[in-house]
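Visitor: Sequence and predicted structure, then a few things I'm wondering about:
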Amino acid sequence: MLMLGRARGQLCKLAGRRASSSPAYIQDGPPPGGYPEVKYKKNIPPKGPSNLVLIGSVSAVVAYGWYFTIQNIYARNRLKVEQTDIRMTILPYLQAEEDQRYLEVKALSDAKERELMADVPGWEVGKSTFDTVDWVRPKSLPWQ
C-alpha cells in the first residue's frame, strides 16, 4: 500500500512515535515472482475456413462455371449452324410453294380485275399501274 510521508507522519504522531524517525516514504513493491501477465489480446477462435480454402473454392466454382458456359456456347453455335443448313436446304421448296401461291392469287386477282374493268375501254388486265421497270414483290390481297 502506497502511503505518503505526510500521512504516515500523522499516523506516527497518533501512535506516539516521532515522524522523523521513520522514512518519509514507503513504497510497495511487486509480489515475489512479479505480477501475472495482463491479457490484452483478443482470444477469438477462428471461425470458418481459412482464406486459402475460400480463394481455392471460389476459383474452382468460377472455373467450373466458365467451362460449362463455354461448352454451352459451342453447342449453341453448332445448333445455329444446323438450323441454317436446314433452312438453306428447304428454301427452294418453300420458294416453290410461295411461287405457286402467288400464281393462284394472281389468277384470282386477274379474274376479279377482268370482271370489274370489263366496261372500261382500252384496259389491259394484269398490266402494272406503277411506272417502274423493277420487279416489286406483290403484297397480300386485302380480301384474303
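Guide: Happy to help now that I have it. This is a predicted model, so every value here is computed, not measured. Numbers count the residues shown, from 1 in each chain.
Visitor: Could you list the low-pLDDT ranges of this structure?
Guide: Low-confidence segments of the chain (pLDDT under 70): 1-23, 138-144.
Visitor: the longest helix in it is where?
Guide: Ranked by residue count under DSSP state H, the longest helix found in the chain is helix 51-116.
Visitor: how far is that one from where the chain is centred?
Guide: Distance of helix 51-116 from the chain centroid (CA atoms, centre = their mean, to the nearest Å) equals 26 Å.
Visitor: what's the answer for stretch 31-41, then?
Guide: What separates the centre of stretch 31-41 from the centre of its chain is 55 Å, taken as CA atoms, centre = their mean.
Visitor: Now do it: distance from first to last residue.
Guide: Stretch 31-41 has an end-to-end distance of 24 Å (criterion: CA to CA, to the nearest Å).
Visitor: Tell me how far Lys80 lies from Gln71.
Guide: 15 Å (CB to CB, to the nearest Å). (C-beta placed from N, C-alpha, C; glycine too.)
Visitor: Val81 now?
Guide: Distance from Val81 to Gln71, by CB to CB: 16 Å.
Visitor: Same question for Arg78.
Guide: Taken as CB to CB, the span from Arg78 to Gln71 is 11 Å.
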